[in-house]
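Student: Just need the structure, nothing else, for what follows:
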Amino acid sequence: MTSVEGRCACAQEPSEDELLAQLDDILKGYDRVPGALIPVLQIAQGMFGYLPEAALKKISLALKKPFSEVAGVVGFYSFFTTVPRGRHLVRVCLGTACYVRGGKQVLQALRSSLGIEVGETTSDRLFSLDVGRCFGACGLAPVIMVDDEVHQSVKPAKIAKIIDRYRRKAGGEPNGNGNDNDNGNGAGGST
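Tutor: Alright, predicted model coming up:
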């Protein structure tokens, strides 16, 4: 194992060029599939973590669709992004129930804890922050989601513990506020 600037060379992520070559191989199976645009965009976003312009151009050419149509679909659906996201997507529900029960204060605590605003990604690319209008968990308000994990009845004072839990999972250093037994949802577990 060779180490480059403290990182294991064996664990390097594929370059964008390597990912684009993989995307070329995938696109060969979709060139004649009706309705392939959204599934192909989802696959590409899963590969890159976002949708770089070079990938959108390849998709446009392979599916024989105008670039403006491909870009329009990406811009329309909120689950697509053209900017790199962090390893963990943190979303705060600001639907009516969550807002009334303190969702705005939870969002403020997350902005403070992560040091970023909505739509931004932390400099270590570990977290991205976003908001949603309803997660369908109104009885559990306020709610946040980290990736696909729902945290219910979240209190602003527990945000640091929730974030530190994900930092530890990623091998990062917690802020010293974490506790493995408390995910900060105020209900003893997440659903």
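Student: Please, where are all the strands along this structure?
Tutor: Assigned by DSSP state E, the strands in the chain fall at 3-4, 7-8, 88-93, 127-132, 144-146, 149-151.
Student: worst average pLDDT in the ones you listed?
Tutor: For the strands of the chain, the stretch scoring lowest in mean pLDDT is strand 3-4; its value is a mean of 39.
Student: Please parse this structure into its domains.
Tutor: Using automatic domain parsing, the domain parsing of the chain gives 3-76, 88-169.
Student: right, and those domains - which one's nearest residue 82?
Tutor: Comparison of these against residue 82 by C-beta to C-beta identifies domain 3-76 as nearest, at 5.2 Å. Where you see a C-beta, it was placed from the backbone N, CA and C, and this is true even at glycine.
Student: Go ahead and flag the most central residue of the protein.
Tutor: Closest residue to the average C-alpha location of the chain: residue 89 at 3.1 Å, with C-alpha atoms, centre = their mean.
Student: Name the nearest residue to it, sequence neighbours excluded.
Tutor: Once flanking residues are discounted, residue 89 sits nearest to residue 128: 5.2 Å by C-beta to C-beta, 6 or more residues apart in numbering.
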